[in-house]
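what's the 3D shape of this:
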Amino acid sequence: MSTIERKRRSTTLRIGNAGGYWGDDPEALERQVRGGQLDYVTMDFLAEITMSIMQKQRSQDSALGYARDFIPMLSRILPDLLAKKTRIITNAGGVNPAACAAAISKLAQDLGLKLKIAVVHGDDILPKLPSLRAGGAQFDNMESGAKFAGVAERVMAANVYFGAAPVVAALRWEPDIIVTGRVTDTGITLAAMIHEFGWDSGDWDRLASGIVAGHIIECGSQSTGGNFTDWRLVSSWANMGYPIVEVEPDGSFVVTKHPNTGGLVSVDTVREQLFYEMGNPKAYITPDVVADFSTIKLAAAGKDRVRVHGVKGYEPTALYKVSMAYGDGFKANGAIVISGPDARAKAEAFAEIFWAKAKHPDLIETSTEYFGWNACHRSLVQADDGNEIMLRLGARAKTEGPLKRFGKLIPALILGGPPGVCVLGGVPKPQEVVSYWPALMPKSIVRPEIARFDDASGKLVDARQVDLERVGSFRPDESVDQTATAAKQTIESVLSSGSKPSDSANLLPLSTICLGRSGDKGDTANIGVLARSPKAFAFIEQWLTAQLVKDFFQEICHGRVVRYKLPGLSGLNFLLEESLGGGGTVTLRTDAQGKTFAQALLAQHAPIPADVLEEVRSLASKEAGGISAHRGQKP
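Numbers count the residues shown, from 1 in each chain. Okay, here's the model as predicted:
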């Protein structure tokens, strides 16, 4: 049967995810394949910094440059995969998809199996940068506007974010496994839907729904209870279930997981994941379609089942995003642990002693962080604020020299300050800093490529470029929702009055009425705040302004805070610009990706009206009873 004549699916398509990053649970793929029938499994291994790591590996050995962890994962389930006719689509190919395909082929031969492998590549434009620039591509920083010329000679990796189109083209060969380079996290999921259902390239609503499905499952167990605010509701962490979407031909789908696995799928776990790394919700831009997250509708559909529908989409832009990494000097971090009593005071004294000695004109940035724990003395000493402080010291410089001196001074603190100190490691060594450079380029000047891997020759065959069927000129609405600061003044008056709140308001942590999830994109963090009830959303819509969030994070956020409303998901999304110390590997902070920001915001106290509190508690009681009933327990 030819590709054109291929019968299109009219039944439910089941797609599971088995990995959200390079280093995710190595047993997730086995659980997904053996846990039940799936048509496809997608796995995401790539992040911006991962590409530069893989480029370094390939420069040292031409057979490297891909996610080698994928091969042992595959070895445990390859016979099951073929028997169940489950296909895998993964970007494990990194910067060397052909080498990854060769490793998979060798594995199959060693197991006595015949495997069909397709490859998507062409995203690695590092060797082409000079010619592309000569042809007019600018590659200026899409976030800061900085000129590319300033970093051009230091670029270590440059990869185009392709979408679903080349994966769909490769699927026409009916392969068992597709290995890609830098294809978007959502694109590897959307491609299976386009291929199976025969969706048109201009069917924006269905494509947008596929993008939303890909976004929900792309981070592995984050949508099945991982990093969930209400983590006490999650069961069996050791046997964590990974997400599955059951997609209908009209684009609607159900999020679920295999039965008898741990975790939790609920409207709230799905809502939290939707807010993860969200920018402007009305313009979630991908190479395939622009999805409007504000149109998403969610509904509980049974135990560990959530239905998603109503997603609207629009024509995509005529541009590809390019992720680059470039050398940006060096950094070093070191730490000592100071025990009590008076741990914090002693830690501050050590920091003062250290920086008096370590001061150097070539240090371009320094950092001092205090971590409070109670690990050394355990129950021997009780302290309200912890009995130890880990003093973490960091510095950046353009060259290694100043950092070598910096590192030697850290262990020198041990005998030259207050008592009760223990060592963490030896002398910290300078590490090369690789910074992130996002850019845009016209789709018209680069083409994704596909090929089949031939076992006999060990080479790619039937290589061809993929022509994009259509691109558009969509431009997102840049308007933002910045509400007035009157509500901020309300809480300030409550806090400054020195008296208890009135009977109509309860000064309680925001987590009492909200959930939260945070993530990163470069030096910008996003925080999604999701109300637990309709009245709670009405309250935070008025009270939790962009200015108030800026005030809360004033020590961390050095740029503006932008707020977006998503009434359909009862949530607010905040973008905190210049809040991650440069982000990625350049930052000296421990939380380089803003993962803890949501928890910090939820810990802030808000004057919660009594009727809001009553509604939230009533809904929580019903939800807890439902979960207990699902588990066979009494509520």
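
Arg76 touches Glu30, doesn't it?
Yes: here Arg76 reaches Glu30: they are 5.2 Å apart, a contact under C-beta atoms under 8 Å. Where C-beta positions appear, they are placed from N, C-alpha and C, glycine not excepted.

gap between Leu515 and Ala525?
Using C-beta to C-beta, to the nearest Å, we find Leu515 at a distance of 17 Å from Ala525.

ok, those two, which is more surrounded?
With neighbours defined as other C-beta atoms under 10 Å, Leu515 and Ala525 compare such that Ala525 has more, 29 against 23.

who does the helix or strand hosting that one touch, helix- and strand-wise?
If you go by DSSP states H and E, Ala525 is part of strand 524-531. Under the contact criterion of 3 or more C-beta pairs under 8 Å, 6 or more residues apart in numbering; DSSP states H and E, strand 524-531 touches helix 267-275, strand 514-521, helix 534-543, strand 571-576, helix 597-602.

swap the cut-off to 6 Å and go again
If you count contacts as 3 or more C-beta pairs under 6 Å, 6 or more residues apart in numbering; DSSP states H and E, strand 524-531 packs onto strand 514-521, strand 571-576, helix 597-602.

just name the most buried of those.
Greatest average neighbour count among these goes to strand 571-576 (a mean of 26), per mean count of other C-beta atoms under 10 Å.

which strands or helices does that one pack on?
The helices and strands touching strand 571-576, judged by 3+ C-beta pairs under 6 Å, 6+ apart, are strand 524-531, strand 561-566.

what about the longest one, average pLDDT?
By that I understand strand 524-531. For strand 524-531, mean pLDDT rounds to 96.

dump the residue contacts of the nearest residue to Arg87 once chain neighbours are set aside.
Nearest non-adjacent residue to Arg87, counting by C-beta to C-beta, 6 or more residues apart in numbering: Tyr40, 5.0 Å away. Tyr40 sits next to 15, 87, 192 when contact means C-beta atoms under 6 Å, 6 or more residues apart in numbering.

are any of those residues buried, and which?
15, 87, 192 (16 or more other C-beta atoms under 10 Å).

and of these, the nearest to Ala238?
Nearest to Ala238, judged by C-beta to C-beta, of the buried ones among the contacts of Tyr40 is Ile15 at 24.7 Å.

surely the closest one forms part of a strand?
Yes: assessed by DSSP: H, G, I helix; E, B strand; the rest coil, Ile15 belongs to a strand.

could you give the bridge partners of it?
In this entry, Ile15 is beta-bridged to Tyr40, Val245, by DSSP bridges.

go ahead and confirm it touches Pro243.
No: Ile15 is beyond contact range of Pro243, at 9.2 Å (criterion: C-beta atoms under 6 Å).

which outside residues touch the helix or strand that contains Ala102?
Assigned by DSSP H and E, Ala102 belongs to helix 97-110. With C-beta under 6 Å, 6+ apart as the test, helix 97-110 has contacts from 63, 66, 71, 75, 92-93, 115, 117, 119, 121, 179, 181, 453, 455, 458, 460.

which elements pack onto the helix or strand following that helix?
Downstream of helix 97-110, the next assigned helix or strand under DSSP H and E is strand 117-121. Helices and strands touching strand 117-121, as assessed by 3+ C-beta pairs under 6 Å, 6+ apart, comprise helix 97-110, helix 165-171, strand 177-180, strand 449-454.

would TSV of the helices and strands packed on strand 524-531 with distance to Ala291 and mean pLDDT be doable?
As requested, these are exported to TSV (distance: least, C-beta to C-beta, whole Å; pLDDT from 0 to 100):
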stretch	distance to Ala291	mean pLDDT
strand 514-521	16	93
strand 571-576	14	97
helix 597-602	22	94
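
kindly reformat those as TSV containing distance to Ile410.
What follows is the helices and strands packed on strand 524-531, written out as TSV (distance: least, C-beta to C-beta, whole Å):
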stretch	distance to Ile410
strand 514-521	28
strand 571-576	31
helix 597-602	28
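
quick one: which of these is nearest Ser236?
Nearest of those (C-beta to C-beta): strand 514-521, 21.1 Å.

which neighbours in the sheet does the closest one have, and how are they oriented?
Strand 514-521 has the following strand partners under DSSP bridges: strand 524-531 (antiparallel).

which SSE is immediately downstream of the lowest-mean-pLDDT helix or strand in the chain?
Scoring the helices and strands of the chain by mean pLDDT, DSSP states H and E places helix 486-497 at the bottom, with a mean of 37. On the C-terminal side of helix 486-497, the closest following helix or strand by DSSP H and E is strand 505-509.

contacts for that next one?
Outside of strand 505-509, the residues within contact range by C-beta under 6 Å, 6+ apart are 501, 603, 605, 607-609, 613.

can I get those residues in a markdown table with distance to Val421 and secondary structure?
Shown next, in a markdown table, are the contacts of strand 505-509 (distance: C-beta to C-beta, whole Å; DSSP: H, G, I helix; E, B strand; the rest coil):
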| residue | distance to Val421 | secondary structure |
| --- | --- | --- |
| Pro501 | 44 | coil |
| Ala603 | 30 | coil |
| His605 | 35 | strand |
| Pro607 | 43 | strand |
| Ile608 | 43 | strand |
| Pro609 | 49 | strand |
| Leu613 | 46 | helix |
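
show me which of those are buried.
Here, 16+ other C-beta under 10 Å leaves 501, 607-609, 613 buried among the contacts of strand 505-509.

and Lys622, how many neighbours does it have?
Residues lying near Lys622 (other C-beta under 10 Å) number 11.

can we start the residue count at 38 from this point?
Sounds good: first residue 38 from here, last item Lys659.

what is the rounded mean pLDDT of the helix or strand hosting it?
For Lys659, the host element (DSSP H and E) is helix 647-667. Averaging pLDDT along helix 647-667 gives 80.

now stretch 192-212
Rounded to a whole number, the mean pLDDT of stretch 192-212 is 96.

grab the nearest non-local neighbour of Ile231.
Among residues not flanking Ile231 along the chain, Val205 sits closest, at 4.9 Å (C-beta to C-beta, 6+ apart).

wait, that neighbour sits on His232?
Yes: with contact defined as C-beta under 6 Å, Val205 reaches His232; the gap is 5.2 Å.

helices along the stretch 338-487 of the chain, start to end?
Taking DSSP state H, counting those that start in this stretch as the test, the helices found in the stretch 338-487 of the chain are 380-395, 438-446.

now do the longest one: distance to the chain's middle.
For helix 380-395, the distance between its averaged C-alpha position and the chain's averaged C-alpha position is 35 Å (C-alpha atoms, centre = their mean, to the nearest Å).

which helices and strands does that helix pack with?
Using 3+ C-beta pairs under 6 Å, 6+ apart as the test, helix 380-395 ends up in contact with strand 425-434, helix 438-446.

got it, and the shortest one?
With contacts defined as 3+ C-beta pairs under 6 Å, 6+ apart, the secondary structure elements packing on helix 438-446 are strand 356-376, helix 380-395.

let me see the mean pLDDT of the shortest one.
It stands for helix 380-395. For helix 380-395, the mean confidence score works out to 93.

same question for the longest one.
Per-residue confidence for strand 356-376 averages out to 94 on the pLDDT scale.

what's the local residue count around the closest residue to Gly619 other than its chain neighbours?
With C-beta to C-beta, 6+ apart as the criterion, Gly619 has its nearest non-adjacent residue at 5.6 Å, and that residue is Asp560. When neighbours are defined as other C-beta under 10 Å, Asp560 has 23 of them.

for Asp560, what are phi and psi?
Torsion angles at Asp560 (phi, psi; degrees, to the nearest 10) stand at phi -100, psi 10.

that one contacts Leu617, correct?
Yes: under the criterion of C-beta under 6 Å, Asp560 makes contact with Leu617 at 5.1 Å.

hmm, back to that, ok, which of the helices and strands packed on helix 380-395 comes nearest Tyr357?
Within the helices and strands packed on helix 380-395, the stretch nearest Tyr357 is strand 425-434; the backing value is 31.2 Å (C-beta to C-beta).
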